[in-house]
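*Asks:* Build me a model:
(3 chains)
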Amino acid sequence: MIGLADCNNFYASCERVFNPQLRNKPVVVLSNNDGCIIARSNESKSLGFKMGEPVFKIKELIEKHKVNVFSSNFALYGDLSDRVMNTLKSEVERVEIYSIDEAFLDFSDLVTTDRALSIKRKVQQWTGIPVSIGIAPTKSLAKLANNIAKKYVKKGVFILDDESLIKRVLNVFPIEDLWGVGRKYAKRLKQSGINTALEFIHADQEWIRRNFSVNGVRLQKELKGEKCYDLELRPTRKKNICTSRSFGKEIKDYIRIREAISTFANTCAIKLRKEKSCCSKILVFLMTNPYNPNAKQYHPHITLDFQTPTNDSAEIVSMANKALKSIYRNDCIYKKAGVIVQNTTPQEEVQMSLFDKVDRDKRRRLMYSVDKINMLMGKDKIRLAAQGFERRWKLRQERLSPCYTTRFSDILTIDI
DNA sequence: TCTGGGGTCCTAGGACCC
DNA sequence: TCTGGGGTCCTAGGACCC
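*Replies:* The predicted model follows:
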């Protein structure tokens, strides 16, 4: 049996941990640039706030209900996520961290409601984060069980084990809530008269394969209780790494864009080194504001290759700027830009180029020292000049909560 | 005025090989 | 007039996830 532990309204719950005044009050967390709603407490959900809704459209509603609004604070969420995962690992031997707020748990040894409940209570007590746990024979069914635990079961734990229970649940489970069925697939399925998980199980397998690829077939098998996805215990190396942002204010000036692209490229290089990977391709893209119908639209991108795979900041930044130069036009105003490094290989397995002139050992030691100094002294203490100093393109974050757990100056003090 | 960011996998089609 | 068979690799686009 496989369990899925999923934190309830994770980002909103994180904001509550060190700010108990928010309990039982509506909370929403916004995306970067304070643009859209990306997390809601139960209170906000019942007030009708929708996932992904742009904030400016619902300003009055927010004020009317005195909703507590926060900019996203990923330093806080990341740290609390680590605490939740470590707590789960203290109770279950085999844990797959699936996302920032979800983990699959191997329950093949012992499945009881009591065990699940005591795990849930421990996470709550040790981290302050409420979780729900669904347990079933396959990952897809565990996802489904979790969905039910969250919505309908007060104690927050639901075990989906015997066949007749599974059948009863599938019969009322909406097709669009299945794991792996997004908006497009749901629409197509409904057009074919398939509205519940049970109807999906009974659909013709060849038809599913044709319309929803092998993933659809796997989902169908998993719902029937046949395992297609195992627990993945070792974190896998990323194949692509992306750093991109919308700008707080739109930018036209080449120098400013170059500073942003240089910063994004440098961040990609840092992420690569953290993964101990090198990349052999780099993609740079620009975007004008698609929501402004009067603006000239231009969404260029270009991919360039490295002769020798690299994770050297200087090499990656200079290649990114070369790419930028070839797509930049000065008659557009840009809203967003980004850098994606691709075709990654483990840094120990880099294929050298016969004509390479770079002393790669020396460069690697240099990068190692830069990373180390920045870790000790603070982010960007050593940086490339191309990144600039002003960060004029920076995000809007007007309602940021303190980094309670990751910054000394933000640690709570207690008056006795 | 104001609309997020970071990933993965699959498939079809084109280019190429012998 | 008649024009094979069996592959691989790469990429763009589309779907999905959180």
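*Asks:* from here on, contacts and neighbour counts on C-alpha atoms
*Replies:* Will do.
*Asks:* Residues of the stretch 101-250 of chain A that sit close to DNA strand C?
*Replies:* A:Asp101, A:Glu102, A:Leu178, A:Trp179, A:Gly180, A:Val181, A:Gly182, A:Arg183, A:Lys184, A:Tyr185, A:Ala186 (C-alpha under 7 Å from any atom of the strand).
*Asks:* For those residues, give me TSV that also has secondary structure and neighbour count.
*Replies:* Below are those laid out as TSV (DSSP: H, G, I helix; E, B strand; the rest coil; neighbours: other C-alpha atoms under 10 Å):
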residue	secondary structure	neighbour count
A:Asp101	coil	21
A:Glu102	strand	21
A:Leu178	coil	19
A:Trp179	coil	14
A:Gly180	coil	15
A:Val181	coil	17
A:Gly182	coil	12
A:Arg183	helix	10
A:Lys184	helix	9
A:Tyr185	helix	16
A:Ala186	helix	19
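*Asks:* Closest one to A:Ala75 out of those, please.
*Replies:* Of all these, A:Asp101 has the smallest distance to A:Ala75: 14.0 Å, by C-alpha to C-alpha.
*Asks:* That closest one touches A:Asp82, doesn't it?
*Replies:* No: using C-alpha atoms under 8 Å as the test, A:Asp101 is too far from A:Asp82 to be in contact (9.4 Å).
*Asks:* does the closest residue to DNA strand B within the stretch 251-400 of chain A count as helix, strand or coil?
*Replies:* Taking C-alpha to the nearest atom of the strand, DNA strand B has its nearest neighbour within the stretch 251-400 of chain A at A:Tyr291, 5.3 Å off. Secondary structure, DSSP: H, G, I helix; E, B strand; the rest coil: A:Tyr291 is coil.
*Asks:* List the buried residues of the helix ranked longest in chain A.
*Replies:* In terms of residue count, the longest helix belonging to chain A (DSSP state H) is helix A:254-275. Of the residues in helix A:254-275, A:256-273 count as buried by neighbour count, 16 or more other C-alpha atoms under 10 Å.
*Asks:* Can you narrow the residues you listed down to the ones near DNA strand B?
*Replies:* Applying C-alpha under 7 Å from any atom of the strand to these, none is adjacent to DNA strand B.
*Asks:* tally of neighbours for the residue lying closest to A:Val131 once chain neighbours are set aside?
*Replies:* Nearest residue to A:Val131, sequence neighbours excluded (C-alpha to C-alpha, 6 or more residues apart in numbering): A:Cys7, at 4.1 Å. Using other C-alpha atoms under 10 Å, A:Cys7 has 24 other residues around it.
*Asks:* Show me the strands in chain A, by range?
*Replies:* Applying DSSP state E to chain A gives strands spanning A:2-7, A:27-30, A:37-40, A:68-70, A:95-99, A:102-106, A:131-136, A:157-159, A:241-251, A:277-288, A:301-310, A:334-342, A:345-346.
*Asks:* circling back: quick one, the longest helix of chain A and strand A:277-288 angle?
*Replies:* Taking axes from the mean of the first three to the mean of the last three C-alpha atoms, to 10 degrees, helix A:254-275 and strand A:277-288 form an angle of 150 degrees between their directions.
*Asks:* near DNA strand B, which residues of the stretch 251-400 of chain A show up?
*Replies:* Checking the stretch 251-400 of chain A against DNA strand B by C-alpha under 7 Å from any atom of the strand, the hits are A:Tyr291, A:Asn292, A:Lys336, A:Gly338, A:Ile340.
*Asks:* Kindly give a single ChimeraX line that selects the buried subset of the residues you listed.
*Replies:* Selecting only the buried entries of those in ChimeraX, with 16+ other C-alpha under 10 Å as the criterion:
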select /A:336,338,340
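*Asks:* A:Asn311 and A:Gln191, how far apart?
*Replies:* 48 Å (C-alpha to C-alpha, to the nearest Å).
*Asks:* thinking again about what came up before, check which helices and strands the longest helix of chain A is in contact with.
*Replies:* strand A:241-251, helix A:313-327, strand A:334-342 (3 or more C-alpha pairs under 8 Å, 6 or more residues apart in numbering; DSSP states H and E).
*Asks:* Let's see that helix as PDB, backbone CA atoms only.
*Replies:* This file holds the C-alpha atoms of helix A:254-275, laid out as PDB (Å, rounded to 0.1, in the frame of the first residue of the first chain):
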ATOM      1  CA  TYR A 254      18.900  47.000 -23.800                       C
ATOM      2  CA  ILE A 255      21.300  47.500 -20.900                       C
ATOM      3  CA  ARG A 256      18.600  46.800 -18.300                       C
ATOM      4  CA  ILE A 257      17.500  43.700 -20.200                       C
ATOM      5  CA  ARG A 258      21.100  42.500 -20.400                       C
ATOM      6  CA  GLU A 259      21.400  42.900 -16.600                       C
ATOM      7  CA  ALA A 260      18.300  40.800 -16.100                       C
ATOM      8  CA  ILE A 261      19.400  38.100 -18.600                       C
ATOM      9  CA  SER A 262      22.900  38.100 -17.000                       C
ATOM     10  CA  THR A 263      21.400  37.600 -13.600                       C
ATOM     11  CA  PHE A 264      19.100  34.800 -14.800                       C
ATOM     12  CA  ALA A 265      21.900  33.100 -16.600                       C
ATOM     13  CA  ASN A 266      24.100  33.300 -13.500                       C
ATOM     14  CA  THR A 267      21.300  31.800 -11.400                       C
ATOM     15  CA  CYS A 268      21.000  28.900 -13.800                       C
ATOM     16  CA  ALA A 269      24.800  28.400 -13.500                       C
ATOM     17  CA  ILE A 270      24.500  28.300  -9.700                       C
ATOM     18  CA  LYS A 271      21.600  25.900  -9.900                       C
ATOM     19  CA  LEU A 272      23.600  23.700 -12.200                       C
ATOM     20  CA  ARG A 273      26.600  23.600  -9.900                       C
ATOM     21  CA  LYS A 274      24.300  22.800  -7.000                       C
ATOM     22  CA  GLU A 275      23.100  19.700  -9.000                       C
END
